[in-house]
Structures are given as structure tokens and as C-alpha cells.
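[1] attaching a predicted model along with its sequence, questions to come.
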Amino acid sequence: MSKKVFISSVTTRMTQEREAAIALVQAIGMIPVHFENFGASAMSSRQRCLDAVAESDVYVLLLGGVYGQPDPTSGRAPTHEEFEVARSCGIPILVFKKAGVHMEPAQAAFAAEVGRYATGLFWAEFSDSNSLLLGLGPALRDLPVGPVTLQFSALGHAVEPDWMNPPGRRDPFAHGPTDARIELYLTPMQAVGASRVRAAGAALGSILRTRGRIDDAVGIQRPTSAGDDVKVVVDRPNTGGFNPRGETPESLGGLTLSAIGEACAWSRLAHDSMGVLVNRGSLNATLTQLVDLSVDVLAQLFDDPSGVPVVGSAAIIGTDWVNIGDPSELGHRQSMTLGSGRPATLFLPGNESVDLGALRRASGDLASEIAEQLLAKIGATTGSFG
């Protein structure tokens, strides 16, 4: 299958270079993805572009002198947001910077950020369309083929993250199915500087908006601090209580970043008035999104994530309302089964590390591993497994 290549740049003083890059991608048998060929859509043009980046196989960034108009919700220009999504998705990034142009201050700062990430083949200069093509063609042809396989390294002990609802503390969330949620933790096994943590904490809202695909109509609370920890929450009201159907989709809850650089992303679980149903497919999908979000947070902490070991852990709040079954049955069933002797919170501390650089391209592998362990623990207290 042909690779999809997203072309990212401003159009101001970059039209010829964009057109040349698009033509080259087509000429070598790949599929160019760019906003000019997007058709009519019900979603915002901003969201359409960010989704297109996430769905692409390669991201090409052309840096000129102009930064672009910042989005009011994130404070970042479209190319800056697109770069962040590509980086968090772990897709190959090819960066080309136009030589001899004066950069606006915001563009110079963006280029400096890109420069810390891009090395070797992924950073080159061009002077005109012809020199851009001479660099872009070989770079696209030399891209690695095939998916990344995540390697797990046993630690010999469990790593207990800074649980949001620690064991031994009365669970304030387990009042009913509306409060059931899943939390995913990524703990780096490498020291992180306090200044990096503060800078990454300030970016949590933008990460949640762009990487979490939070629609512009949904509010995000400003990051709040407790000591050196930072937390940002999606501003969705919790309906609480019971109703005749009570059916609600899974929804992202927020992000936290601790003083030691540990990231946590959490999501409310889909439920009806009788409880929550999960299966391999639903847990894999939810955990993959949470891993992606947490990886994007940690990516702010290291110039090069390759070689940085991280440990994944998880918890389910309100486990006594969670059962294994088909989530599509929510709102349509007539009976339920409550967990027997199950604690209100299920903790799954990690005991294996993975490479952060590889995790950015193989988040589903970690999500699948955690999902299997959670399902086994849930099934052990209900006598079912599915």
C-alpha cells in the first residue's frame, strides 16, 4: 500500500515549494496529503488537518520565515500543532528549512524546538524548489519499511506509580457506574530536570486538545498545580446517579504530570445504569489513546526519546461496576452481574520497561499487554472472560 505523506507548511511565500513537494510525492508513487485537497466536512478545518496528520505515514515539514496565525485555544500555529501531532504519533518526520530567510520570532522559536527533535536525515536546508526536491526525494525513498515491534524488558520488581487514588485511601469515586474510569501511567526510568517538567506541564492543555481530539466546543480547564504536580481536566460535567438508560460514551478525563516526570492520562468508561461493559477491543482502543497522550507528554521532557526506558501501569476506578461483555449492549440489557469480592479499585503496577522512542510508534503493543492483564483480573472475580 502506498504511503500517505502529509505536507505541512504555511502558504505565505511557500506556494511554489508546496506545489513541488506535492508533485514529487505523486511522482514517486506515494499519496500526498494536504489541506488543498480536503473536501467538505462537518468537522472544523483545524481538526480535519490534525486528524489527517495522525492518519498519515510520513510527515513533511517545510519551514520558512512565517509562523502563521496561532489558534486561540492552543496558542500555536497550524504547522506547529501538526508537528506536535506527528511527533506524538511517532510517524517519520522529514524537516526542510529554507535557507537565507529572516524568521519571525515565533517561527524562530518553533524552528528551535524542531531542531532539538530533528537530527541527521530529518533536518536539511533548501534554497528553492529544485534543491528541496533533491533532498526530499531520497529522504522519502530511504524511509524504513514495516512496523515497529515493542520490546519488553523485565525489571524483576513492580514500579508503583503515584496513584491518583492510592491503595488504602477511601475511594471517593466508587459511587456508581458513572464514576468508573481507567487510568494509564507512564513512569520514566531516567531523571528529568525540573525546568523540563514545568515547561511540559504548561503544554498539557494543548496536548489534550490536539492529541486527544477534544473538539473546540468542549472546554478544558487551565492547568492546576499541587506542589510540583500539574493537572489539566476536560470540562465535562459528570451526570452522576441513575437514569432509565444512563448510556454514556467513553470520554477523556484529563492529564497529569508529576514532579518526577510521570505522566497519567485517564478516561471515563462507557456505562449504562447497570454498570460498565468492557472487552479486549474496547480496552485496547481506550488504552491506546491514553498511551498516546502520555507518550506525547513525556516527549516534551527529552530531546531524544530513543533509549529512554519507561514503565506502563494502569488502574480502574469503580471496578465493582465493571464486567466483561460487549459494550454495544449498553442501554439495551435487562440484567447485570456485580463483581464478587472485588475491590473498588483495581491496581496494575508495571514490572516491565519499554523504549519511549519505540513506544511512540507501537503504543498498541503496550495497550494490548495491559488490557490482557486487566481483563484477567476482572475475569478472576466474575468467573467470566471474553
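    Structure's in. What do you need? Numbers count the residues shown, from 1 in each chain.

[2] and the lowest-mean-pLDDT helix or strand in the chain, what other elements does it pack with?
    Within the chain, no helix or strand scores below strand 224-226, which has a mean of 75 by mean pLDDT, DSSP states H and E. For strand 224-226, the packing partners by 3 or more C-beta pairs under 8 Å, 6 or more residues apart in numbering; DSSP states H and E come out as strand 229-233. Just so you know, the C-beta spots here come from the backbone N, C-alpha and C atoms, and that holds for glycine as well.

[3] give me the sheet partners of the strand it packs on and which way each runs.
    strand 224-226 (antiparallel), strand 251-257 (antiparallel) (DSSP bridges).

[4] what's the least confident helix or strand of the chain in contact with?
    Under the criterion C-beta atoms under 8 Å, 6 or more residues apart in numbering, residues 201, 230, 231, 232 lie in contact with strand 224-226.

[5] buried ones from those, can you make that a PyMOL selection?
    Those of the contacts of strand 224-226 that count as buried under 16 or more other C-beta atoms under 10 Å are selected in PyMOL with:
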select buried, resi 201+230+231+232
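
[6] how about the contacts of strand 224-226 in a markdown table, adding pLDDT and distance to residue 112?
    Converted to a markdown table, the contacts of strand 224-226 look like this (pLDDT from 0 to 100; distance: C-beta to C-beta, whole Å):
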| residue | pLDDT | distance to residue 112 |
| --- | --- | --- |
| 201 | 86 | 20 |
| 230 | 85 | 23 |
| 231 | 86 | 28 |
| 232 | 82 | 25 |
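
[7] between the contacts of strand 224-226, which sits nearest residue 54?
    residue 232 (20.4 Å; C-beta to C-beta).

[8] which residues in the stretch 251-386 of the chain form strands?
    251-257, 263-268, 271-272, 275-278, 309-317, 322-324, 345-348, 350-355 (DSSP state E, counting those that start in this stretch).

[9] let's have the ones you listed in JSON lines, adding distance to residue 123.
    Listed next are the strands of the stretch 251-386 of the chain as JSON lines, based on distance: least, C-beta to C-beta, whole Å:
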{"stretch": "strand 251-257", "distance to residue 123": "28"}
{"stretch": "strand 263-268", "distance to residue 123": "27"}
{"stretch": "strand 271-272", "distance to residue 123": "47"}
{"stretch": "strand 275-278", "distance to residue 123": "43"}
{"stretch": "strand 309-317", "distance to residue 123": "25"}
{"stretch": "strand 322-324", "distance to residue 123": "47"}
{"stretch": "strand 345-348", "distance to residue 123": "39"}
{"stretch": "strand 350-355", "distance to residue 123": "22"}
